[in-house]
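> predicted model, plus sequence, below.
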There are 2 protein chains.
Amino acid sequence: MKPINVFKALSNETRLNILEWLKEPEKHFPKQGAHLPKEVSYKGGVCVGDIQEKAKVSQSTVSSYLNLMQKAGLLESIRHGQWTYYRRNEEFIQQFAKYFKTEI
Amino acid sequence: MKPINVFKALSNETRLNILEWLKEPEKHFPKQGAHLPKEVSYKGGVCVGDIQEKAKVSQSTVSSYLNLMQKAGLLESIRHGQWTYYRRNEEFIQQFAKYFKTEI
DNA sequence: ATTATATATCTAGATTTCTCGATATGTCAA
DNA sequence: TTGACATATCGAGAAATCTAGATATATAAT
């Protein structure tokens, strides 16, 4: 775990928003693509296209943002057919919160 | 409180080190300048020159780093004569840790 | 007043990050 | 296999950050 990379990942308004949106996907991504039944989809995360639409940045930008956040540890992804679903890595995030409280 | 600015302040190895050193100033700045009696000095923080020496960056760099961290809320400073002493703003840092745990 | 010391501010080149459009890859449907 | 769609990767210009040296400002000592 490299704290610097986590802080860098969080040093951007759009990425910070994405992380917060993914706390409540049902709330922030109501018209989820019909690719999967809601339960499955939410459990597995939100697909790139839906995140892009809400974030209002280009497809390539959102893709690299998500990749960067995943490398930092904040997100994890699952591929389902042609879609990639991203969701929060809650375990890592809580672990990092603890690190912050005790080490920073 | 602007979280982005806090994350940006923490997105640098040197600044992160400084924040950690200031958790235990006696440990990391043993040969404190003789400007003030130890108790006073530690309570008030560590002077810029001592931090610079340990961080091994230029005087202007460390000065702007400290200023940036202060603006973000992480540090506070007190001037004593020709010296400026920087110390952690523990209240802010704890508050931010709580924000991280609940909002991020 | 002058000099010395500590810190802050200014300026600028090097590096990194941001962000896009273009293109490549992977998957599904016909 | 071909075409359509979702996502990933590439390449590049714009913007921000990094960091140093030079200079300015503030305080202290003589």
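Structure received. Numbers count the residues shown, from 1 in each chain, chains lettered A, B, ... in the order given.

> report the distance from stretch A:91-104 to the chain centre.
Taking Cα atoms, centre = their mean, to the nearest Å, one finds the center of stretch A:91-104 at 18 Å from the center of the full chain.

> buried ones in it?
A:92-93, A:96-97, A:100, A:104 (16 or more other Cβ atoms under 10 Å in any protein chain shown). From N, CA and C alone the C-beta is placed, and that goes for glycine too.

> how much space separates residue A:76 from residue A:22?
11 Å (Cβ to Cβ, to the nearest Å).

> cool, residue A:53 as well?
14 Å.

> comparing the two, which shows the higher neighbour count?
For residue A:53 versus residue A:22, the count of surrounding residues by other Cβ atoms under 10 Å in any protein chain shown is larger for residue A:22: 20 against 14.

> quick one, phi/psi of that one?
Main-chain dihedrals, residue A:22, degrees, to the nearest 10: phi -70, psi -10.

> could you find the closest non-adjacent residue to it?
Leaving aside its sequence neighbours, residue A:22 sits nearest to residue A:88 (Cβ to Cβ, 6 or more residues apart in numbering or on different chains; 4.9 Å).

> tell me the bridge partners for the one you found.
Beta-bridge pairing of residue A:88 under DSSP bridges involves residue A:75.

> what's the neighbour count on it?
Using other Cβ under 10 Å, residue A:88 has 20 neighbouring residues.

> so for residue A:76 and residue A:22, which residues contact both of them?
A:45, A:86-88 (Cβ atoms under 8 Å, 6 or more residues apart in numbering or on different chains).

> by neighbours, which of these wins?
residue A:86 (26 neighbours).

> in a strand, that one, correct?
Yes: Residue A:86 forms part of a strand when assessed by DSSP: H, G, I helix; E, B strand; the rest coil.

> so who does it touch?
Here residue A:86 is in contact with A:22, A:45-48, A:51, A:66, A:69-70, A:75-77 (Cβ under 8 Å, 6+ apart).

> likewise for residue A:14?
A:55, A:57, A:65.

> how about those residues in a markdown table, adding secondary structure, pLDDT and distance to residue A:12?
Output for the contacts of residue A:14, formatted as a markdown table (DSSP: H, G, I helix; E, B strand; the rest coil; pLDDT from 0 to 100; distance: Cβ to Cβ, whole Å):
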| residue | secondary structure | pLDDT | distance to residue A:12 |
| --- | --- | --- | --- |
| A:55 | helix | 98 | 11 |
| A:57 | coil | 98 | 10 |
| A:65 | helix | 98 | 8 |
